[in-house]
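Participant: show me how the following folds:
(2 chains)
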Number of protein chains: 2
Amino acid sequence: MNAAVDFLRQNRAKHLQWSVDLCRIPSISTKPEHKDDVRKAVEWTRQRCEEAGLKARVMDTGGHPAVYAEWLGAPGKPTLLVYGHVDVQPTGDLKLWDAPPFDPQVKGDWLIARGSADDKGQVLIHVRAAAAWLATEKKLPVNLKFLLEGEEEIGSPNLAPFVHQHRDLLKCDQIVISDTGMPDDGYPAVTIGTRGLAFRELRLTGPKQDLHSGSHGGIVANPVVVLAKLIATLHDDKGRITVPGFYDDVREFSAADRKEINALLPDEKKYLGELGSPAFVGEEGYTVAERRSIRPTLEVNGMYGGYIGDGSSTIVPSKAVAKVTMRLVPNQSAVKIGAAFEKTVRERCPKTVSLEIPHVEHACDPYVSDRGAPIMKAAAKALKESFDREPAYLYEGGSLPILPMFKKELGADSLMLGFASPRCNAHGPNECANIRDLDRGAEAVARFLAYAGG
Amino acid sequence: MNAAVDFLRQNRAKHLQWSVDLCRIPSISTKPEHKDDVRKAVEWTRQRCEEAGLKARVMDTGGHPAVYAEWLGAPGKPTLLVYGHVDVQPTGDLKLWDAPPFDPQVKGDWLIARGSADDKGQVLIHVRAAAAWLATEKKLPVNLKFLLEGEEEIGSPNLAPFVHQHRDLLKCDQIVISDTGMPDDGYPAVTIGTRGLAFRELRLTGPKQDLHSGSHGGIVANPVVVLAKLIATLHDDKGRITVPGFYDDVREFSAADRKEINALLPDEKKYLGELGSPAFVGEEGYTVAERRSIRPTLEVNGMYGGYIGDGSSTIVPSKAVAKVTMRLVPNQSAVKIGAAFEKTVRERCPKTVSLEIPHVEHACDPYVSDRGAPIMKAAAKALKESFDREPAYLYEGGSLPILPMFKKELGADSLMLGFASPRCNAHGPNECANIRDLDRGAEAVARFLAYAGG
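Facilitator: Below you'll find the predicted structure:
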């Protein structure tokens, strides 16, 4: 084990270059024009798995392809399946980036690029750890499989059928995922809960085409205004979501749980400064730490309608669109909440416009890990030794749609070892990864493999 | 006069080609990348004025240039100033056009192109009439000036200083404008009132950048949601605008006026079908015809914020923008209403976001013509003879910001002879002009010049 850790320390520059090279590929899975880039990222990752000493291949999923890799030379030892993804979110407004999102920049301890934290850098932590063991000991302390996909950021639409189809190939005792966060740089963590997600797009049509607002303004419903009024009804003045039944299944956490969660929030003033918002808001009766982890939310992720260019255009718009996601907590059901939301919006939408809600599969249930499992103890020991600090146990605000699916298809629980701090700004502009945390993360995983092997 | 009318009838094909050629120039004044096209449209129009026998030149305005043309060979006769514009609205969504907006199509009686009705086709009616007189009689029955500008669709920001600077050159007894509508194809009209306009753009910023909606959703204000809530407050459930003082100066029209206005609305069911809306809406207590002409409105012309591409992106947006215009009626003041709106929005906007309202000059007061003036009788006679039908007298829902300005700078009233029917769909996709109405319009103007000359 010490040899593997030494190997990782000696190869930090080379492994940083791996992150740089992978982040250079603009593998935005939601954009059809980047389809070839997703495949390129997958193929590049397959090559690194081979370079590490694993047997690796690219597999078709029906959508974007995935890498499967394995080393199965430890009979009698447990089999771990590492899951990750090499696709990324869209860039958003390019003007908000200090450098092009796919031209990775190294500045001090930080690697800045779309995907550097979510999830390319974290995927490579596991490839690095396997490479270290196989280079120094010619073996691993456990049997190891990798499944690294290319469409997590669009909700992994083909993963469930793929895993179902290949459930013998992917058979394992435990899944390990590094796609979650740490409370701060250098502060390791195991995530023990993730929020679920339900997504709906609302498409309103008023007049069949944009109209002159002088000739026809004031006599037909303006779909932008109607949509604004619909959105305005979704929260009450206490910050609670007004969809009937929305809170019916929400688990109320114990005072002890809430105390632990609240202890983890960074300095509120500093945190607010990082977000750049004028003030915190949210559901009455809960703290900032609780609102972002164990309470459900409803956000409009985007909205548009009418003329959105420079200057003015005096029209009554024909169409307005809003993209809405809800983050769900134990024990809400994504399907149930998605349907309740859709029903509510259809009921509240006036007949003066037409409303279309396309059918989507972008949904997942919340997930909670067993905190007392042996694998959790192996992870805690490895993290403590590598970061010189006891790990935190986190309820993550984000969603990992694959957790309940893996449990169902493979019967295996997931361990979430995350290495992205809040400063990484995943999904936002200037996404970045702390290079020292990536290095310590690789060492932690190398140690974890030993402890997991018993 | 009959010779001039005959000339127009013999030259219809040539004059239609003028419209086609001018509409081929994409002179979108609000788009900086079309700056040269606006100049090209102005220069092309100057050449046609020369071809008609006028003395014409292109003049600088500080923004997009304008054409000035004149024929002053009728001493003792009144001087008319024809005002029009050769810039156009943006195209909007190109997918809604059956053919490219700047590739004019002739289909039956219709010329389809951006600008065909608003206002290139109508500008050329006057050039055609002047050409007919000068080709056949070698003179005009009145002194005639033309001022054809290139930035009406962005609110004529340089016209007032230009007219002020050149008030001696532009001195006239009467202004004539063809940039208004007819109740139907073949149904001539004089517009006797136009609505005013006040424009404001609302720019909200929440977090300083887009945030991951899992990590940070539910704890900071979402500017799209805040903007939606703001917009939702702007109308009450009776369709009335809730800005305090908004209706203080609104003129209530007499029962006789309202009867005349209501008689002009086309078949409501057919009209609704043309608009393509599921239903009429609007201010309680007023008819459809009244709501679109003599009642003020507030419309959101466009709104955007967050992720507006395909699929989903799970962010809390940093910014949201709405473009709002209000149509004003006698005796509202655009400056006063614009300020009242801005004050109201600032008061209602919570401190959880920051609000920016850029300073804009896009505003104009409503206008009413003197229905008993001799020039009105000359117009009515010419229209009746050319269209074989008594003209209608219209209150137009649109705005002509230059009317109150001309009155102030030149002391002259404006006569509004419009030739665009509701089917022309000005500002929308597949904008078109009825070729027969353009032809009859040119004849009407040729006759009107004779009657105006006394």
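Participant: I figured A:Cys398 hits A:Gly193, correct?
Facilitator: I think there's a mix-up here, since residue A:398 is Gly and not Cys. No: the criterion here is CB atoms under 8 Å, and A:Gly398 misses it with A:Gly193 at 10.6 Å. C-betas here are computed from N, CA, C, even on glycine.
Participant: just checking: what are the partner strands of the lowest-mean-pLDDT helix or strand in chain A?
Facilitator: None of the helices or strands of chain A scores lower by mean pLDDT, DSSP states H and E than strand A:363-364, at a mean of 84. Its sheet considered, strand A:363-364 pairs with strand A:196-205 (antiparallel) by DSSP bridges.
Participant: mind checking what helix or strand follows the strand it pairs with in sequence?
Facilitator: Taking DSSP states H and E as the definition, the helix or strand that follows strand A:196-205 towards the C-terminus is strand A:211-212.
Participant: in contact with whichever residue of the stretch 301-450 of chain A sits closest to chain B, which residues are there?
Facilitator: Chain B sits closest to A:Gly398 of the stretch 301-450 of chain A, with a gap of 2.8 Å, by CB to the nearest CB. Taking CB atoms under 8 Å, 6 or more residues apart in numbering or on different chains as the criterion, A:Gly398 is in contact with A:Thr180, A:Gly181, A:Thr194, A:Arg195, A:Arg327, B:His212, B:Gly214, B:Ser215, B:Thr314.
Participant: and the least confident of those?
Facilitator: Lowest pLDDT within the contacts of A:Gly398 is found at B:Ser215 (84).
Participant: how much space between that one and chain A?
Facilitator: Using CB to the nearest CB, to the nearest Å, B:Ser215 is found at 5 Å from chain A.
Participant: show the contacting residues for that residue.
Facilitator: So B:Ser215 contacts A:Gly181, A:Arg292, A:Glu396, A:Gly397, A:Gly398, A:Pro422, A:Ala426 (CB under 8 Å, 6+ apart).
Participant: are we agreed that it is in a strand?
Facilitator: No: B:Ser215 sits outside any strand when classified using DSSP: H, G, I helix; E, B strand; the rest coil, being coil.
Participant: let's verify A:Gly305: helix, strand, or coil?
Facilitator: strand.
Participant: quickly find the element holding the closest residue to it other than its chain neighbours.
Facilitator: Computed as CB to CB, 6 or more residues apart in numbering or on different chains, the closest residue to A:Gly305 that is not its neighbour in sequence is A:Ala320, at 3.0 Å. Under the criterion of DSSP H and E, A:Ala320 resides in strand A:319-328.
Participant: could I get that strand in PDB with only the CA atoms?
Facilitator: Written as PDB, here are the backbone C-alpha positions of strand A:319-328 (Å, rounded to 0.1, in the frame of the first residue of the first chain):
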ATOM      1  CA  LYS A 319     -44.600  31.300 -27.000                       C
ATOM      2  CA  ALA A 320     -43.100  31.100 -23.600                       C
ATOM      3  CA  VAL A 321     -41.100  28.200 -22.100                       C
ATOM      4  CA  ALA A 322     -39.900  27.400 -18.600                       C
ATOM      5  CA  LYS A 323     -37.700  24.600 -17.400                       C
ATOM      6  CA  VAL A 324     -38.500  23.500 -13.800                       C
ATOM      7  CA  THR A 325     -36.700  21.000 -11.600                       C
ATOM      8  CA  MET A 326     -37.600  19.900  -8.100                       C
ATOM      9  CA  ARG A 327     -35.100  18.500  -5.700                       C
ATOM     10  CA  LEU A 328     -36.600  15.800  -3.600                       C
END
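Participant: okay, now the sheet partners of that strand, with direction.
Facilitator: Looking at strand A:319-328 with DSSP bridges, its partner strands are strand A:196-205 (antiparallel), strand A:297-306 (antiparallel).
Participant: in terms of helices and strands, where is A:Trp18?
Facilitator: Element membership of A:Trp18, judged by DSSP H and E, is helix A:12-23.
Participant: and the contacts of that helix?
Facilitator: A:8, A:41, A:44-45, A:48, A:86, A:102, A:104, A:106, A:111, A:113-116, A:120-121, A:124, A:127-128, A:433, A:435, A:438-439, A:442.
Participant: now swap in stretch A:60-67 and tell me
Facilitator: A:29, A:35, A:38-39, A:42, A:45-46, A:49, A:56-59, A:86-87, A:146-151, A:157-159, A:161-162.
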